[in-house]
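[1] this is a predicted model, with the sequence first.
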Amino acid sequence: MGVNSGKTALLGTLAVAAVLLAGACGSGGILGRVTVSTETVTPGAGGSAGSAVITYEVHRPAVITILFRDGRGREYPFRVAQPRAPGTYQAQFTGTYAPDPETRERKVLPNGDYTVVVRAQTPDGTTDERQARLRVTGADQTGLAFEELTVTPDTFSPNGDADRDETVIFYSLTRRPTRVDILATDARGTSYLLVSWSRPASATPDQPPRQRDSYVWDGTAAGRVLPDGTYVIHVVAQDEVGAVAEATRQVTIQNGGIPQLELVDFQVKPTTVSLGGTVNVTLRVKNTGTVPVKTLGPPPGTPYRTDMTFNCWVNPADPGSPLYYERSGVWRVGVMWTGAGLQYPARWGLLPDGTKVGFDPAERLKPPQEVDYRRLCAVEQWQGETPLLQPGQEVVITGTVQINLRIREVTFWAGIEQGGVGFPVDQFKPQVVRVNY
């Protein structure tokens, strides 16, 4: 063999070696070993029998996808397009896969033999793939799924007026979950967690979360009422295997907001009266909330005695029914005094309600032991309107209280009633009236 022939052979050998080296540094150089910690997984089983750890090595920065391929070639995504730097990684498999990587849903992998496929792709498009084997047995094929999800009503107004202030979210599942999350997502895609129910593995059967349950939503998230608009309610359930089911419904918030009244001032005059004398009370109130508040009488200016309450006036069409009983969602001001038998016995609406009430002239001057209360409280005109005090609006409410208490010093104070809730403003500005007898 000549010199030139020897050189040609050497160059050919080097060229083949270069091609092989390029292949090793290409697709074959992205991933290292891929192993599965056990050959068989039984989803939902305790201990190591219920899970497997997939370990894989990454030699170059890449995007990693892990999937399971059955004997017919169908692929079940497990992890999809996850960026990884060089290193060794582990993924725990408990028996579920992600049928749609764009959603939270996860389903139980059917029983059978699978090829575990780990795929890698670098930024320049180079790919690599490694495989291992895994068997799934004893999987419960019932599956976690929603039988029903309702939101009633689908339009509500969380503003404290007792009219469609809440909506009820009801769900029913095919099996009992170990966790249920309820979220609301607005038009911009911002999600608000409304409630999260979970239980330990040792939970008793009557502990939440339940297979069927309801959640009453008042329109708030993180302590504030969400802005008006249309929201998507997401109910996300998970079971002990790790299967995840999700269902959605739309709901609309209209006229939502925080109702709030401020008691600006309270005055009682005169500060000295004779037994049976009358004091004038003046209350200044401002709507400092973000929504109108509903009110109902007795109307401003209504007279009271210390031996009666706001329930004295009755419906002319139904003598057994008080006109001004406590109602949810209705706001009023009240005055209380030493020795009162009921919390805030004198109450007034913030605005006139179309009703005219007062005292019978003949009964008004009688002492408590002689008065006929059925005749004392007269109703001249009954409308029963519920006017609204608008945000920022300020009003002055006046009234009178006849003192029939044999107490030398009677303390008066004011409050604000929020029907169905209580008295958010209580014991405001106490003032003493001296009684001579």
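    Received it, and whenever you're ready, just let me know what you need.

[2] packing partners of the longest strand belonging to the chain?
    With secondary structure taken from DSSP state E, the chain has its longest strand at strand 422-436. Applying 3 or more Cβ pairs under 8 Å, 6 or more residues apart in numbering; DSSP states H and E, one finds that strand 422-436 contacts strand 261-269, strand 272-274, strand 409-418. The C-beta positions use only the backbone N, C-alpha and C, and glycine is treated the same way.

[3] and the angle from it to strand 409-418?
    Angle, strand 422-436 to strand 409-418, by axes from the mean of the first three to the mean of the last three Cα atoms, to 10 degrees: 160 degrees.

[4] now tabulate the helices and strands packed on strand 422-436 in a markdown table and tack on mean neighbour count.
    Listed next are the helices and strands packed on strand 422-436 as a markdown table, based on neighbours: other Cβ atoms under 10 Å:
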| stretch | mean neighbour count |
| --- | --- |
| strand 261-269 | 17 |
| strand 272-274 | 14 |
| strand 409-418 | 20 |
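
[5] can you say which of those is nearest to residue 341?
    Residue 341 lies closest to strand 409-418 among these, at 13.9 Å (Cβ to Cβ).

[6] the closest one packs against which elements?
    Against strand 409-418 (3+ Cβ pairs under 8 Å, 6+ apart) you get strand 261-269, strand 278-287, strand 330-337, strand 422-436.

[7] off-centre distance for the shortest one?
    So that's strand 330-337. 31 Å (Cα atoms, centre = their mean, to the nearest Å).

[8] what's the most buried one of the helices and strands packed on strand 409-418?
    When the helices and strands packed on strand 409-418 are scored by mean count of other Cβ atoms under 10 Å, the highest mean neighbour count falls to strand 330-337 (a mean of 24).

[9] packing partners of that strand?
    If you count contacts as 3+ Cβ pairs under 8 Å, 6+ apart, strand 330-337 packs onto strand 278-287, strand 293-295, strand 346-349, strand 394-402, strand 409-418.

[10] of these, which shows the lowest average pLDDT?
    Mean pLDDT is lowest for strand 293-295 out of the helices and strands packed on strand 330-337, coming in at a mean of 94.

[11] following that strand, which helix or strand comes up?
    Going down the chain from strand 293-295, the next helix or strand is strand 303-305, by DSSP states H and E.

[12] let me see the mean pLDDT of that following strand.
    The average pLDDT for strand 303-305 rounds to 96.

[13] now what about that strand, what contacts it?
    With contacts defined as Cβ atoms under 8 Å, 6 or more residues apart in numbering, strand 303-305 is touched by 278, 310, 335, 345-346, 358-359, 368, 376, 399-402, 404.

[14] circling back: for residue 128, find the nearest of the helices and strands packed on strand 409-418.
    Comparing those by Cβ to Cβ, strand 422-436 comes nearest, at 66.1 Å.

[15] with just CA atoms, put that closest one into CSV.
    In CSV, the C-alpha atoms belonging to strand 422-436 read as follows (Å, rounded to 0.1, in the frame of the first residue of the first chain):
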residue,chain,number,x,y,z
GLY,A,422,-77.4,43.5,64.8
PHE,A,423,-76.2,46.9,65.8
PRO,A,424,-72.9,47.8,64.0
VAL,A,425,-73.0,51.1,65.9
ASP,A,426,-73.9,50.7,69.6
GLN,A,427,-73.8,52.9,72.8
PHE,A,428,-73.0,56.0,70.8
LYS,A,429,-72.6,59.3,72.8
PRO,A,430,-74.4,58.5,76.2
GLN,A,431,-76.1,61.5,77.7
VAL,A,432,-77.8,62.0,81.1
VAL,A,433,-81.3,63.5,81.6
ARG,A,434,-82.3,64.3,85.2
VAL,A,435,-85.9,63.6,86.1
ASN,A,436,-87.7,65.6,88.8
